[in-house]
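K.L.:
Task: produce atomic coordinates for the following.
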Amino acid sequence: MDTLSIIATLWWLSFWTALGLCIGSFLNVIIYRLPRNKSLSDPVWSACPSCRHRIHWFDNIPVLSFILLRGRCRMCGVPISTRYLVFEALMALVVLMLLDAFFVGQVRWGFSESPFGLTDRLAADWPIFVAHIILFACLLSMSAIDLEHYWVDIRFTNFATLAGFAGHILWTPRHSTSWIRPYDSTALACVMAVLGLGVAWIVFTCWPIDHDEEDEPVDEEDATATVSEAPTRRKPPPSLASPSRMAGWLALTLLVMAFTFMAIDEIEVVAMRHVGRGLFPLCFLFGLVVWESTIVRRSDQRIVDAIHEERHSARRMVLREAVYLLPAVLGAIVGVWIMHSDSGASTAVSEALHSGTRVGNLSLMRHWSPLMGLATAASGYVIAGAIGWTVRIFFTLLFGREAFGVGDIHLMAAAGCVAGWPVVALGGFLACGLALLGWVLSLPFKRTRALPMGPWLSLSFLAVVIYQDTIIKWPIIERTIAATSVLISYNSQ
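P.N.:
The predicted model follows:
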């Protein structure tokens, strides 16, 4: 490899690492402020949770400032929570894992295999890559909040969903034919279902409903401590006491290792297998979630009490939700009817889905078919959401108490919109197994009947996104895909 290619490789690895660190730094602000009803823009600067002093920009550089300050606030000397270091390193690590799977290790089908280097591959597939970064940034922050408060903020999922639609609309290159896309009839049905959901949302939003607004989770110490008391506190709030420093340094070590191994692989110094590069970070994330699950919090009992109090109205609640979903179901039925009617509408829809967009003699975005991209995102969103709603409604009616959170369903739908419905289908089964194993491992430290599913779903989706094309080669998965190919297939008819 020539010198320019080596420089380009190191540049892109450094750029995406730095971007991941900066995103992780911003996620720390979100994770701390949102559950405590604090504004993200007031104040616009960061402040020490202990002494409330403003943190200067040179003390707010991701990872580097933590190391230079030796993990302590410059003003009051109180230890800085390792959470900041961990989430900065984790977000950068997730970005590198996605970059590795898509462009360096090239273990995912549907992405450019250009021999001209990382720059050319990124130029062809950057929209879907950026959409995945946004998705997992939202999942990472939601997982941290869910572990602490049993609360999934759908503003994250809405943002990830918008990123999924935008990314797929911009990304329909010819080499992406192996990305799982819907049949034409499925495509129109899912687009109509999304429109039906939009109509239901408008009606539900405008409908006058009298209800008492519940307070969002607030940190126990912040709820009782005043500003005048803040300077006398000599330790961070309980919610910031974990994870340990060991977890922070291990996350940083994994980040450095991922950067190094990817550089060696891309520069072709030594031929390296991708399996370990993705497996070790996933094992670390699993251990981190288990460790955080062992911490006893007040929210553990609160969520159990809330589910117990709502048990008598749980069945009525999901039946009302089923009514809310009727416009989407009707929209899907209309879409299927249009595609199977004898009129020329089905032909017109098919031509529109597969037609490219041109300005004069210029082809935009390398074989750009925005309607097919829109349909791909819509099918992922609808099918993934349908899986979640089916689980929630069926098991709630069966057991008589809330079986699956609405926030988790929004999380699944957003993941399906970006990464595709197979990621959600496979990840859902994997999440059940990981959650059960994590619950068993945490039993010696904490016994609770409530289990936040957000972190396990997020971890499973990340694992499937990276290893999807390996997983679907397993015999049992191949048979399942063959059995369902009547309805949904890799390519449009």
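K.L.:
Now residue 91: which helix or strand?
P.N.:
helix 82-99 (DSSP states H and E).
K.L.:
and that helix, average pLDDT?
P.N.:
The average pLDDT for helix 82-99 rounds to 92.
K.L.:
ditto for stretch 8-22
P.N.:
The model assigns stretch 8-22 a mean pLDDT of 94.
K.L.:
How far off centre is that stretch?
P.N.:
Taking CA atoms, centre = their mean, to the nearest Å, one finds the center of stretch 8-22 at 20 Å from the center of the full chain.
K.L.:
Report the buried residues of it.
P.N.:
The neighbour-count check on stretch 8-22 (16 or more other CB atoms under 10 Å) flags 8-9, 12-13, 16-17, 20-21 as buried. Yep, even glycine has a C-beta here, placed from its N, CA and C like the rest.
K.L.:
how many neighbours does residue 456 have?
P.N.:
28 (other CB atoms under 10 Å).
K.L.:
so who does it touch?
P.N.:
289, 431-432, 434-435, 438 (CB atoms under 8 Å, 6 or more residues apart in numbering).
K.L.:
So of these, which two are at opposite extremes in space?
P.N.:
The most widely separated members of the contacts of residue 456 are 289 and 432, with 14.3 Å between them, by CB to CB.
K.L.:
Pick out whichever of the two has more residues nearby.
P.N.:
residue 289 (21 against 15).
K.L.:
For that one, give me the pLDDT.
P.N.:
So, for residue 289, pLDDT stands at 91.
K.L.:
Show me what stretch 159-175 is in contact with.
P.N.:
110-113, 124-125, 127-128, 130-132, 134-135, 138-139, 365-370, 372-374, 376-378, 380-381, 413-415, 417-418.
K.L.:
Give me the buried positions along that stretch.
P.N.:
In terms of neighbour count (16+ other CB under 10 Å), stretch 159-175 has its buried residues at 160-161, 163-173, 175.
K.L.:
and those residues as TSV, adding secondary structure, pLDDT and distance to residue 293?
P.N.:
Converted to TSV, the buried residues of stretch 159-175 look like this (DSSP: H, G, I helix; E, B strand; the rest coil; pLDDT from 0 to 100; distance: CB to CB, whole Å):
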residue	secondary structure	pLDDT	distance to residue 293
160	helix	96	24
161	helix	96	27
163	helix	96	29
164	helix	96	29
165	helix	96	33
166	helix	95	34
167	helix	94	32
168	helix	94	34
169	helix	93	38
170	helix	91	38
171	coil	91	36
172	coil	87	41
173	coil	86	41
175	helix	84	41
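K.L.:
ok so, going back, kindly reformat the buried residues of stretch 8-22 as JSON lines containing distance to residue 153.
P.N.:
What follows is the buried residues of stretch 8-22, written out as JSON lines (distance: CB to CB, whole Å):
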{"residue": "8", "distance to residue 153": "38"}
{"residue": "9", "distance to residue 153": "37"}
{"residue": "12", "distance to residue 153": "32"}
{"residue": "13", "distance to residue 153": "32"}
{"residue": "16", "distance to residue 153": "26"}
{"residue": "17", "distance to residue 153": "27"}
{"residue": "20", "distance to residue 153": "21"}
{"residue": "21", "distance to residue 153": "23"}
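K.L.:
Show the backbone phi and psi for residue 37.
P.N.:
Dihedral pair for residue 37: phi 60, psi 30, per degrees, to the nearest 10.
K.L.:
Model confidence score at it, please.
P.N.:
pLDDT, read off for residue 37, is 81.
K.L.:
any idea how far it is from residue 276?
P.N.:
Distance, residue 37 to residue 276, by CB to CB, to the nearest Å: 43 Å.
K.L.:
could you pull out the strands for the chain?
P.N.:
358-359, 362-363 (DSSP state E).
K.L.:
Least reliable of those strands by average pLDDT, please.
P.N.:
Among the strands of the chain, strand 362-363 carries the lowest mean pLDDT, at a mean of 57.
K.L.:
Surely residue 29 and residue 44 touch.
P.N.:
No. Assessed by CB atoms under 8 Å, residue 29 is found out of contact with residue 44, at 10.0 Å.
K.L.:
Confidence-wise, which helix or strand of the protein is lowest on average?
P.N.:
helix 220-224 (a mean of 44; mean pLDDT, DSSP states H and E).
K.L.:
Take the buried residues of stretch 8-22 and keep only those in helices.
P.N.:
8-9, 12-13, 16-17, 20-21 (DSSP state H).
K.L.:
what ranges of the stretch 301-450 of the chain fall below the confidence cut-off?
P.N.:
358-366, 449 (pLDDT under 70).
K.L.:
what's the burial count for residue 419?
P.N.:
Neighbours of residue 419 under the rule other CB under 10 Å: 25.
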